[in-house]
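**Student:** Okay, predicted coordinates and the sequence, questions at the end:
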Amino acid sequence: MDVTTAIETRRSISKMQDKPVDLFDIEDILQAGCWAPTHYKTEPWRFHVFAEDSRKILSDIFVEGIKVKYQTSELLDAKVEKAKNAPFRAPVVIAVTCKLEEEFQAPVWEEYAAVSCAIQNMSLQAHALGLSSIWRSGDFTEFENAEDFFKVDKSKGERIMGYLYIGYSNQPEGSVYREEPDWKLKTKFY
Ligand SMILES: Cc1cc2nc3c(=O)[nH]c(=O)nc-3n(C[C@H](O)[C@H](O)[C@H](O)COP(=O)(O)O)c2cc1C
């Protein structure tokens, strides 16, 4: 698949088949992430892979975080149920965190930018392999218990950048539509 086709036809897919993903494909996707640009050669991305049975670990983390956040809310039960099932929406979930180096402190925004590039590389690589993906954020990127698990030091500026869900699409080809964006609306030539 050429780059233009990959960029234009990659879509965020939320409904995945139960079909497992080959480990070699996961490794290719992780390697594509590592090819992302990194200004200070710090390679600040860290990947935490949950596939098949180990998704239960993530499910427990999500549930624990939800219980803290919504402990006094009447939505608690519904939120817990949703969190419990969340990692099982795809056969593979990769939590992506941003690691900042101790000695040399690059501008934090540049490190987030590098990790974001890594995630996009991974999405495109998955797409080129015939897989689908979706980058998810929300509550689960903010929970303290998840930060502890991933050894993310928020006081230093480190953070959970998101969860990349990967699997085979369960949505008919072409059914996830995105209107073609118009670069002219975002651009000024000088
Ligand atoms: C930083 C970031 C966080 C995202 N978080 C979510 C999310 O929590 N839930 C979700 O359904 N999609 C999430 N997305 C995916 C966007 O919804 C998706 O990219 C957008 O709808 C455009 O669709 P496309 O990726 O198919 O082009 C996220 C995307 C980015 C870049």
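**Tutor:** Nice, I can see it.
**Student:** if I look at the closest residue to residue 116 other than its chain neighbours, how far off is the ligand?
**Tutor:** Of all residues not flanking residue 116 in the chain, residue 161 sits nearest, at 6.9 Å (C-beta to C-beta, 6 or more residues apart in numbering). No exception for glycine: its C-beta is placed from N, CA and C like everyone else's. Look at residue 161 and the ligand: by C-beta to the nearest ligand atom, to the nearest Å, they are 8 Å apart.
**Student:** next one: residue 184
**Tutor:** 19 Å.
**Student:** Just want the phi and psi numbers for that residue.
**Tutor:** Backbone torsions for residue 184, taken as degrees, to the nearest 10, come to phi -70, psi -30.
**Student:** Tell me how many other residues surround the residue nearest to residue 116.
**Tutor:** Residue 161 is flanked by 23 other residues according to other C-beta atoms under 10 Å.
**Student:** So what's the residue count around residue 30?
**Tutor:** So residue 30, with other C-beta under 10 Å, has 17 neighbours.
**Student:** Mind checking what secondary structure it has?
**Tutor:** Secondary structure assignment for residue 30 (DSSP: H, G, I helix; E, B strand; the rest coil): helix.
**Student:** which outside residues touch the helix ranked longest in the chain?
**Tutor:** Secondary structure of the chain read by DSSP state H shows that its longest helix is helix 108-128. With C-beta atoms under 8 Å, 6 or more residues apart in numbering as the contact definition, helix 108-128 has outside contacts at 1, 6-7, 9-10, 25, 28-40, 42-45, 94, 96-98, 100, 132-133, 135, 157, 159, 161-162, 164, 166.
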